[in-house]
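A.B. asks: mind folding the following:
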Amino acid sequence: MNDHAEKRPADCPLAARRMLLKTGMAGVLGASLADLLSAEALAAENKSPSGKAKNILVVLEQGGMSHTDTWDPKPEVAAEHRSPFKPIQSNVPGIRFTELLDKTARVADKLAVVRSMFHPKPGANGHPKGTQYMLSGAHPGGPIEMPDIGSVVARIQGTQANYLPPYIMVPGNSEQAKESRSGFLPAGFRVFKTGGRDLADPKWKVDNLGLSQLTTEQFAERRGLLSKLNAARPSDSAEAAAMQMLRERAADMLTSPRTQAAFKLSDEPQKLRDRYGKGHRGSCYLLGRRLIEAGVRFVTVDVRWPKTKQFPKGTNLNWDHHDFIYAKGTCNLPGAGGGGAGRRGIATWEMMGSTDQAFAALIEDMHQRGLLKETLVCFITEFGRTPKINKHKGRDHWTNAYSIAFAGAGVPGGQIIGRSDKVGGFVAEDPHTPEDYAATVYQKLGIDRTRPLYTANRRPVFLGHEGKLISQVF
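C.D. replies: Modelled structure (predicted):
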C-alpha cells in the first residue's frame, strides 16, 4: 500500500476533494474550475449596451403547432382545407388571431407575432431535428454540434442565483426534450431538467436536488474539513478565488432552502393557479414564471402532457396532428394513420384551451409583477403544419411557413412581423429563420456576437452568425 493510501482524509487534500465530490456538488453545479474561470471572464468581456433582457423564458410548444389554426388565420382558403376556427379581433386594431386564442388576443398589445418563419435548408422537418434547430438556433446538419441557446447563455452570462442552475427546462420529459444539447461546450453547461411527471399533482417535486445520502450535518462536516485544508494554502490567486466561488455555489444549490422553494408551486395562491389553468400545462407555465422570478437566467417550458389516469398515453399529447386535427376528443378515430394514439384534437382543453389560458395568464402575471421589463418571453414551435388537410383529416409537418411570438424586454407589442401567403403555405414578406431567432435572443441579452466561443481544440465558433436580427422587436 502506498503512502497516500495510508493517510487519513484530513491529511490528504486529494482524498478530501474526492470525498467532497461524492456529495454531488460537482454533479449539481456541473461546471469544472476551468469552466468557471472561463465563464467569469466571458461574462465580464461579453457585454453589449444594446441588451434589454436579463432573463429568457422560452415556451416551446413541441410537435409543430398549426399556424393557420392559431396565430395566422386564413379565412379565404378553400372550404375543404380551411380551419373551422373563425378569426377574432384582438385588443389591437387590425390584429386578428383565431378564436382558439381568445384569451391571448386580449394581451396582443404586449406581443410581437412573427408570421414569416421558415426553414431555409432541408433536413429538419422531423420533430427531433426540428426541436434541436429551435433550441440551438443552428441547423443540426452542421459540422459542429451546436449547444442550446440556453447552454450558450449559461456559459457566457452565468447565473443570477447561486442556488439554482442557470439553464432549466420544465419539465424536460420524454422524446423531444432529449434533443437538448450542450454541443461543443463542457457538459457542465447542459440544461437541468425538472422531470416529466404531472406538475399539477400536489405530490410533484424535483427529485434530483439535495444531498442524496448525506445528512445536512455530514455535509457541513465535510465542508468544514475542506475549509481547513484550504486555509493552509495560498488564497490570493485567481484560481483559489474561483475554487472558493465554485464550492460556495455548489453548496448553495445543495443546502439552500431557496433551491427547493423555487420549485414549490404550492406556495402560489390558488386563485393565481386557477388563472393559469388546471392541469399540467398551467402548472408548467407558472413554474416557468416562478423560476424567472427566482433569478434563473434561461428557462424553457417544454410542455408535453405526461401519463396520468385521465390520459394513460399522455406522452403523445402534443401538436403533431397528422390525424383528425379537429376531433372533439381523441384523434385516434377510425381512419387515422396510426399516429393519433393518445393525441387530442387541437380545440380540446388539453391542447389550445389550456395553452391559450396559460399563455395569457403568464403574460399578464409577468407584466403585473414587473418581470416583463427585463425578461424576453419567446413562444416557439419547431415548424408549422400543411395548408392542406390530408387523407386522415389531419395536417402534416410544414417548414415553409409558421409563426412564433415575442414579448417583454423592450419588445414593441401590438405588431405583426412578416406575412405568409393567402393559404399560409409560404412566406410572402419579411422571411425569418431559426438562425434569426437565435441572433435576436443573443442581441436582446446584450451578447456580443462578434466574439466567438471556442471548441475543445480551439476552433472559434461565432454565435448566430448566419442569422439576421428580427429588427422590429428592438
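
A.B. asks: how about low-confidence regions in this structure?
C.D. replies: In the predicted model of the chain, residues 1-50, 174-177, 208-255 satisfy pLDDT under 70.

A.B. asks: residue nearest the middle of it, spatially speaking?
C.D. replies: In the chain, the C-alpha nearest the mean C-alpha coordinate belongs to residue 300, at 1.6 Å (Cα atoms, centre = their mean).

A.B. asks: next, that one: phi, psi?
C.D. replies: Main-chain torsions, residue 300, degrees, to the nearest 10: phi -120, psi 120.

A.B. asks: was I right about it contacting residue 191?
C.D. replies: Yes: counting by Cβ atoms under 8 Å, residue 300 touches residue 191, with 7.2 Å between them. For glycine as for every other residue, the C-beta is placed from the backbone atoms N, C-alpha and C.

A.B. asks: residues shared between the contacts of the two?
C.D. replies: Shared contacts of residue 300 and residue 191 (Cβ atoms under 8 Å, 6 or more residues apart in numbering): 148, 150, 167, 168, 169, 172.

A.B. asks: those in helices, which ones?
C.D. replies: Using DSSP state H, the subset of the shared contacts of residue 300 and residue 191 located in helices is residue 150.

A.B. asks: now, the shared contacts of residue 300 and residue 191 that are in strands?
C.D. replies: Judged by DSSP state E, the subset of these located in strands is 167, 168, 169.

A.B. asks: pull out the buried positions in the host helix or strand of residue 283.
C.D. replies: Per DSSP states H and E, residue 283 falls inside helix 280-294. Neighbour counts over helix 280-294 (16 or more other Cβ atoms under 10 Å) mark 280-294 as buried.

A.B. asks: which one of these is nearest residue 364?
C.D. replies: Nearest to residue 364 among the buried residues of helix 280-294, counting by Cβ to Cβ, is residue 289 at 10.6 Å.

A.B. asks: tell me if I'm right that the closest one and residue 365 touch.
C.D. replies: Yes: between residue 289 and residue 365 a contact is recorded at 6.0 Å, counting by Cβ under 8 Å.

A.B. asks: which parts of the stretch 201-350 of the chain are strands?
C.D. replies: Secondary structure of the stretch 201-350 of the chain, counting by DSSP state E, counting those that start in this stretch: strands at 298-302.

A.B. asks: can you pull out the helices in it?
C.D. replies: 216-231, 238-255, 257-262, 270-276, 280-294 (DSSP state H, counting those that start in this stretch).

A.B. asks: narrow the shared contacts of residue 300 and residue 191 to those that are buried.
C.D. replies: The buried subset of those - by 16+ other Cβ under 10 Å - is 148, 150, 167, 168, 169, 172.

A.B. asks: Serialize the residues you listed to TSV and add fields for distance to residue 379.
C.D. replies: Shown next, in TSV, are those (distance: Cβ to Cβ, whole Å):
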residue	distance to residue 379
148	17
150	16
167	18
168	18
169	16
172	18
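
A.B. asks: which residue is the nearest non-sequential neighbour of residue 393?
C.D. replies: Among residues not flanking residue 393 along the chain, residue 324 sits closest, at 4.9 Å (Cβ to Cβ, 6 or more residues apart in numbering).
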